[in-house]
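Trainee: Could you work out the structure for the sequence below:
(one chain, ligands or ions: 1)
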Amino acid sequence: MKMNNPIGVFDSGVGGLTVAREIMRQLPGESLVYFGDTARVPYGSKSKQTVLKYSRQIVRFLKTKNVKAIVVACNTASALALDEIAQELDIPIIGVVKPGAKMAVQTTKTGNVGVIGTESTIKSGIYNEYIRELNPDVTVVGKACPLFVPLVEEGLLEDRVTDDIVSRYLEVMREYKVDSLVMGCTHYPLIRNAIKRYVGEEVNLVNPAFETAKCLKEMLAEQGMLNVSKGKPQYEYYVSDGVDKFISFADSVLPCHVTETTIVDIESY
Ligand code: DGL
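Mentor: As a prediction, this is how the structure comes out:
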C-alpha cells in the first residue's frame, strides 16, 4: 500500500464531516475519500444487523478507491459494526468510540463520566465497556439524545429550542455530577456551546472526532504510512443521495469549499 493513497472516512451522512474536518486540520498532508450514506441515514435508531450490512457495503466501496486506511467516523457504526469489520479487513481501520473513551478516562477527576449519543450507541453499552476496561472505578452515565441530530441539521446551533432540549436531556448529567462528558455522536460537537452553557465550565467536553484524528496520526506514523510528501491533498466526496444538501452542510463545517460530490449506488456494493 502506498503512503500517498487516500484515507477512507465514512459516516451515516453529513455528521462525519466533523471528523473529516479534524483529520484535515491534524493531518494536512493526507488525501481523503469521504462517503456519507445520506440515503439511509439515520443509523442511530437502526439494529446492529442493518448497520453492519450498510458498513460492509461502504467499506467495499471505499476499497475500490484504494484507501490505505479507514476511519469509521460514525459513532453508531463504530459501536455496532467496527469489531466485525476490523476482522474482515486487510488494511488498518479505526473508529471514534475508543479514542473518545480513552480521553474521558484521562480527564475525569471525580470518576463520574457522562456519555451522550444516539439510541443505538447508548443501548450498545460500548462506551461504558471501553471506559470501564480502562478504569473499572469510573461510573458511566449514558443518555440517548435523539433530537440533537435533527436540530443540528436544521442549523439550530444557537437557538432557544436547542437550549431547551439540551437542558431536558442533560439534567441527569448534573444529577450525577459528571465532570467529563463524551459527545458520542458526530453532530454534537456542533452544539458544543449550548451543551457547555448547560453543564457548566467545570465539565470537560470530550470530542471523539478530535481524539480520533490524533489516534489516526499515531497509528499511521507507527506503521510508516503517514503521507510525508509535500503534494497538495485531494479530497473526494461521495454520498448515496441529496448532493445539494450535503454540499451546503459541508460548506458550513469544513475549512474548504466542496466543489464536487458524486452519488454512489451503495446497495450495489
Ligand atoms: N453519525 C451518527 C452517529 O455518530 C449520527 C446520525 C445517525 O443517527 O445516523 O452516531
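
Trainee: for the helix or strand where Met24 lies, packing partners?
Mentor: Using DSSP states H and E, Met24 falls within helix 17-26. Packing partners of helix 17-26 (3 or more C-beta pairs under 8 Å, 6 or more residues apart in numbering; DSSP states H and E): strand 7-11, strand 32-36, helix 208-222, helix 243-253. C-beta: built from backbone N, CA, C; applies to glycine.

Trainee: Alpha carbons of it, in CSV - could you do that?
Mentor: Output in CSV follows, covering the C-alpha atoms of helix 17-26 (Å, rounded to 0.1, in the frame of the first residue of the first chain):
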residue,chain,number,x,y,z
LEU,A,17,-17.6,15.8,8.3
THR,A,18,-16.8,16.9,11.8
VAL,A,19,-14.3,14.0,11.9
ALA,A,20,-13.1,14.7,8.4
ARG,A,21,-12.5,18.4,9.5
GLU,A,22,-10.3,17.2,12.4
ILE,A,23,-8.3,14.9,10.1
MET,A,24,-7.8,17.8,7.6
ARG,A,25,-6.5,20.0,10.5
GLN,A,26,-4.3,17.5,12.2
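
Trainee: Report the mean confidence score over that helix.
Mentor: The pLDDT scores in helix 17-26 average 98.

Trainee: Give me the buried positions along it.
Mentor: Counting neighbours by 16 or more other C-beta atoms under 10 Å, one finds that the buried residues in helix 17-26 are 17-24.

Trainee: Helices of the stretch 151-269 of the chain, residue ranges please.
Mentor: 160-175, 192-199, 208-222, 243-253 (DSSP state H, counting those that start in this stretch).

Trainee: Just want the angle from the second one to helix 160-175.
Mentor: Counting by axes from the mean of the first three to the mean of the last three C-alpha atoms, to 10 degrees, helix 192-199 lies at 50 degrees to helix 160-175.

Trainee: Export helix 192-199 to CSV, keeping only CA atoms.
Mentor: Backbone C-alpha positions of helix 192-199 (Å, rounded to 0.1, in the frame of the first residue of the first chain) are rendered in CSV as follows:
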residue,chain,number,x,y,z
ARG,A,192,-20.8,22.4,22.0
ASN,A,193,-21.7,25.9,23.1
ALA,A,194,-25.2,25.0,24.0
ILE,A,195,-24.0,21.9,25.9
LYS,A,196,-21.3,23.9,27.7
ARG,A,197,-23.8,26.6,28.7
TYR,A,198,-26.0,24.0,30.4
VAL,A,199,-23.4,21.7,32.1
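
Trainee: Touching, Lys143 and Val172? I think so.
Mentor: Yes - judged on C-beta atoms under 8 Å, Lys143 makes contact with Val172 at a distance of 5.6 Å.

Trainee: list the buried ones in stretch 73-82?
Mentor: Buried residues in stretch 73-82, counted by 16+ other C-beta under 10 Å: 73-82.

Trainee: Next, format the buried residues of helix 17-26 as JSON lines and append distance to Lys196.
Mentor: Output for the buried residues of helix 17-26, formatted as JSON lines (distance: C-beta to C-beta, whole Å):
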{"residue": "Leu17", "distance to Lys196": "21"}
{"residue": "Thr18", "distance to Lys196": "16"}
{"residue": "Val19", "distance to Lys196": "20"}
{"residue": "Ala20", "distance to Lys196": "23"}
{"residue": "Arg21", "distance to Lys196": "19"}
{"residue": "Glu22", "distance to Lys196": "18"}
{"residue": "Ile23", "distance to Lys196": "24"}
{"residue": "Met24", "distance to Lys196": "24"}
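
Trainee: Now do the contacts for Leu147.
Mentor: Leu147 is in contact with 165, 169, counting by C-beta atoms under 8 Å, 6 or more residues apart in numbering.

Trainee: Can you report how many residues lie near Glu88?
Mentor: 9 (other C-beta atoms under 10 Å).
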